[in-house]
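**Student:** sequence and predicted model, in that order:
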Amino acid sequence: MTQCVTGAIKQKVDSAVRQEFKEHVVPLVTSRLKPLEGQIRHEMSARIGDVEAAVKESITKTVGVKAVSEAVAHALTQSLQQAMVARYREVFSGTALPAFERSTRELLHQINNTFSAGTKEYLQQMESQGERLRRQREPLLQHLQTTVEAVRLSVDHVGNTVKEHHQRQEKSKQDETAFLAQVRDEIRRSVAACLEEHSARVATPVTSAGAAVSGQPLPQQIVQLMTFKQYNAAFQLALSASDLELVMMTCELVEPQQLFAESPPCPLTQPVLLALVQQLSADLGKKTDLKCRYLEEAVMQIESNHPSTREHLRPVLTALQTQLQAFIGQSGAPPQLVRSMRMLLMAVRSLAG
């Protein structure tokens, strides 16, 4: 009973206290705290404003320092750069690259289809054109084959005819060579007989000419010998002096064609011919035309198997070849003279071989 009364009283008292606290205490405390709240708010606002101004001033001063601004800029750059690179990579790998791959794949697929279709169409056109050309050219090819066969037969016939003609020419040439050899031998025998017949009559004038030229200067002796047509003695006298100017003077007294056409055999002996070739080839730079004409005639008269000149023939011809090649290799020489030198070089090589 006591507990029930105590519980009821406690409950009533608690309700009454709460009601009283709510109705009288709370409004009283609120009314008392309102002025204090306004004052606290005012002071807090003033202090926050002071702190904000101080912070702004401090930030402004800090940013105004060059080292700090550079450090801040560098830090921002580094952070932004890393973020931008990461973002760029993310966007490129996630968006741009797949889109580019899809576009490229589609483009290549379209190009492949277009190229394949064009190639097939081109091949079809080429095949049809080739077939048409083949049909058009088939009669021409048959005619051409027939013509080629006819030409081949004609060429074979002409070849056989030329071969037979060549064989006949070779046989005729051999007969002609044998005939010319016989004629040469006959002429030599006739000339030898004539020389023996007139030897007595020629001996006296020659002796008189030799007596007339002896005791005179060499040029005058040579001129008188040439006047008496004693060519071999005149050239031998000039060559024995080892004077090229004297040799050239002797050459100028008679044209080479006139000298070597006097009479067979050659009016100059083989030793004189070889000595003349040797001295004329020593210097081809002066009076080249006259030397060339004399060398052409003299080389044609040299006998490679003659016992008196066989031993010294090859060195003289070798030196002549060297001089001719050097002259041909020079620039500025007259073309006609160069051609003559080339022909002379070929003759010398043939004689030396």
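**Tutor:** Arrived safely. No experiment lies behind these values; they were computed from the predicted model shown.
**Student:** C-alpha only now, for contacts and for neighbours.
**Tutor:** Fine.
**Student:** please name every helix or strand in contact with the helix or strand hosting P315.
**Tutor:** Here P315, judged by DSSP states H and E, is contained in helix 310-329. Helices and strands touching helix 310-329, by 3 or more Cα pairs under 8 Å, 6 or more residues apart in numbering; DSSP states H and E, are helix 270-280, helix 335-352.
**Student:** the first one to helix 310-329, inter-axis angle?
**Tutor:** Pointing back at helix 270-280 there. Angle of helix 270-280 versus helix 310-329, following axes from the mean of the first three to the mean of the last three Cα atoms, to 10 degrees, is 30 degrees.
**Student:** how far does helix 270-280 sit from its chain's centre?
**Tutor:** In this view, helix 270-280 has its centroid 48 Å away from the chain centroid, taken as Cα atoms, centre = their mean, to the nearest Å.
**Student:** quick check: next helix or strand after it?
**Tutor:** helix 288-301.
**Student:** now do that next one: which elements does it pack against?
**Tutor:** Using 3+ Cα pairs under 8 Å, 6+ apart: helix 288-301 touches helix 244-252, helix 256-260, helix 270-280, helix 335-352.
**Student:** how much space between S69 and P27?
**Tutor:** For S69, the distance to P27 (Cα to Cα, to the nearest Å) stands at 56 Å.
**Student:** let me fix that: P334
**Tutor:** 144 Å.
**Student:** if you count what's nearby, which of those two comes out ahead?
**Tutor:** Comparing P334 with P27 by other Cα atoms under 10 Å, the one with more neighbours is P27, at 12 against 8.
**Student:** neighbours of the nearest residue to I302 once chain neighbours are set aside, how many?
**Tutor:** Nearest residue to I302, sequence neighbours excluded (Cα to Cα, 6 or more residues apart in numbering): Q270, at 6.5 Å. The local packing of Q270 (other Cα under 10 Å) involves 20 other residues.
**Student:** again with the one 5 residues further on
**Tutor:** Under the neighbour criterion other Cα under 10 Å, A275 is assigned a count of 19.
**Student:** host element of the closest residue to it other than its chain neighbours?
**Tutor:** Among residues not flanking A275 along the chain, L239 sits closest, at 7.0 Å (Cα to Cα, 6+ apart). Using DSSP H and E, the element containing L239 is helix 231-240.
**Student:** got the angle for that helix vs helix 244-252?
**Tutor:** Going by the same axes, to 10 degrees, helix 231-240 is angled at 160 degrees with respect to helix 244-252.
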